[in-house]
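A.B. asks: make a model of this:
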Amino acid sequence: MYLVTKLHFHRKSKKLDVHFDDDVIYTLPCEYLRTHSPSAEVQGHGAEQSKLVLNKDAVTITALDPVGHYAVRLSFDDGHNSGLFSWQYLRELGVNHTTYWQTYCDRVAQHNKQAHSVPIKFIP
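C.D. replies: Coordinates of the predicted model:
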């Protein structure tokens, strides 16, 4: 079980440094945090129900509110603030950043490919 010892948000780069009690630090971009929010709005109610959150490249964090000694509520400038980022979930996001981000980018590419493939029906 890991504990977060410090959170530091960089406004210009829109990145959150997450410091853990074992001296590991992860730097997580706002877009990544927003698109991987643990909220039911994003995650759905199971692995098969996760929503694809699009167009969050300009999103930023407006508030970090501690929740007990186990999580933080991140508020984003698009109004989203319903996800509680537990220390364990932040660790998971840090450890799996490359894999999770690639999976997300692949999903976005697939979505964009399908969005632009409108079938044309010719009627004589």
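
A.B. asks: wait, is residue 54 part of a helix?
C.D. replies: No: using DSSP: H, G, I helix; E, B strand; the rest coil, the assignment for residue 54 is coil, not a helix.

A.B. asks: isn't it up against residue 108?
C.D. replies: Yes: at 6.7 Å, residue 54 counts as touching residue 108 under the criterion of Cβ atoms under 8 Å. All C-beta atoms are positioned from the backbone trio N, CA, C, and that covers glycine.

A.B. asks: more crowded one of the two?
C.D. replies: residue 108 (15 against 12; other Cβ atoms under 10 Å).

A.B. asks: residue contacts, residue 62?
C.D. replies: Taking Cβ atoms under 8 Å, 6 or more residues apart in numbering as the criterion, residue 62 is in contact with 75, 76, 77.

A.B. asks: buried among those residues? Need that as a selection in PyMOL.
C.D. replies: Selection of buried members from those for PyMOL, criterion 16 or more other Cβ atoms under 10 Å:
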select buried, resi 76
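
A.B. asks: tabulate the contacts of residue 62 (a markdown table), appending distance to residue 94 and pLDDT.
C.D. replies: Shown next, in a markdown table, are the contacts of residue 62 (distance: Cβ to Cβ, whole Å; pLDDT from 0 to 100):
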| residue | distance to residue 94 | pLDDT |
| --- | --- | --- |
| 75 | 20 | 97 |
| 76 | 19 | 97 |
| 77 | 23 | 96 |
